[in-house]
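K.L.:
Got a predicted model here, sequence first, then my questions.
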Amino acid sequence: MRELRQFHDRDTYVLARKSDSVDDVLHTQLMTNGDTCSISNQSIQRRVKLMYVCNLESVQQPRILEVQEPKICEYEIKVGFGAFCADDSYSIETGKSDSLSEEDTQSEDWQLEISQVSTSSGDKIMCQVFTLEQRATGGSKLNFDNFELFIEPSSNQGQALTHDDYTARHPGRVAIPAKELIPETGKIKSSPQFDGQLAFVKLYA
């Protein structure tokens, strides 16, 4: 495996570029040398711990069962594969469904990421929220009454957000029209015209 990449909207991040160590007993792999994160005026490189497990649902090829970020820019990815089940030393994991079950149509997995980034107007806090259904189905299956994302205190000093300060998208990576959004100081929220479909929202403040 040469490198791991993460895709959000039009942004691409390299989480790791090289394998640092492999534990054949615990079946884990540490990958390092990812893109740099700026956190509290300190620069660190993204890194990933891969954890390989037996998963009977992943017969044809390995698949990602779970992604966590226990620390900012440090990721843990659980990879399941049916071929691992022939070895009793691998733990057994039941993979999550890529889509909602018939019994659970009002919940799904979303992820929140917060980091400090450098922009043309100086250092800012970036906050983004997105559905993990994006890859599998093109977006969330939920219908929202409204949404609101804000960062407090804001570096915008009382000024309303500009279009460069936020991104919001419907499922299928379709930009949410301006009439469905209300930008305020350090905040982006839905307007009464919001159609209820949301897959991704990102805010700089």
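P.N.:
Structure received.

K.L.:
Could you tell me the end-to-end distance of stretch 174-186?
P.N.:
Start and end residues of stretch 174-186 are separated by 23 Å (Cα to Cα, to the nearest Å).

K.L.:
domain parsing for the protein?
P.N.:
Using automatic domain parsing, the domains assigned to the chain come out as 4-86, 110-204.

K.L.:
Can you identify the element that follows the strand or helix carrying L65 toward the C-terminus?
P.N.:
If you go by DSSP states H and E, L65 is part of strand 63-71. Once strand 63-71 ends, the next helix or strand along the chain (criterion: DSSP H and E) is strand 74-81.

K.L.:
So which other helices or strands are in contact with that next one?
P.N.:
strand 47-54, strand 63-71 (3 or more Cβ pairs under 8 Å, 6 or more residues apart in numbering; DSSP states H and E). All C-beta spots, glycine's among them, are computed from the backbone N, C-alpha and C.

K.L.:
And it, what's buried?
P.N.:
Using 16 or more other Cβ atoms under 10 Å as the test for burial, strand 74-81 gives 74-75, 77-81.

K.L.:
Present these as a markdown table; the columns should include pLDDT and distance to D35.
P.N.:
Below are those laid out as a markdown table (pLDDT from 0 to 100; distance: Cβ to Cβ, whole Å):
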| residue | pLDDT | distance to D35 |
| --- | --- | --- |
| E74 | 88 | 13 |
| Y75 | 89 | 12 |
| I77 | 91 | 16 |
| K78 | 91 | 22 |
| V79 | 91 | 21 |
| G80 | 89 | 26 |
| F81 | 88 | 27 |
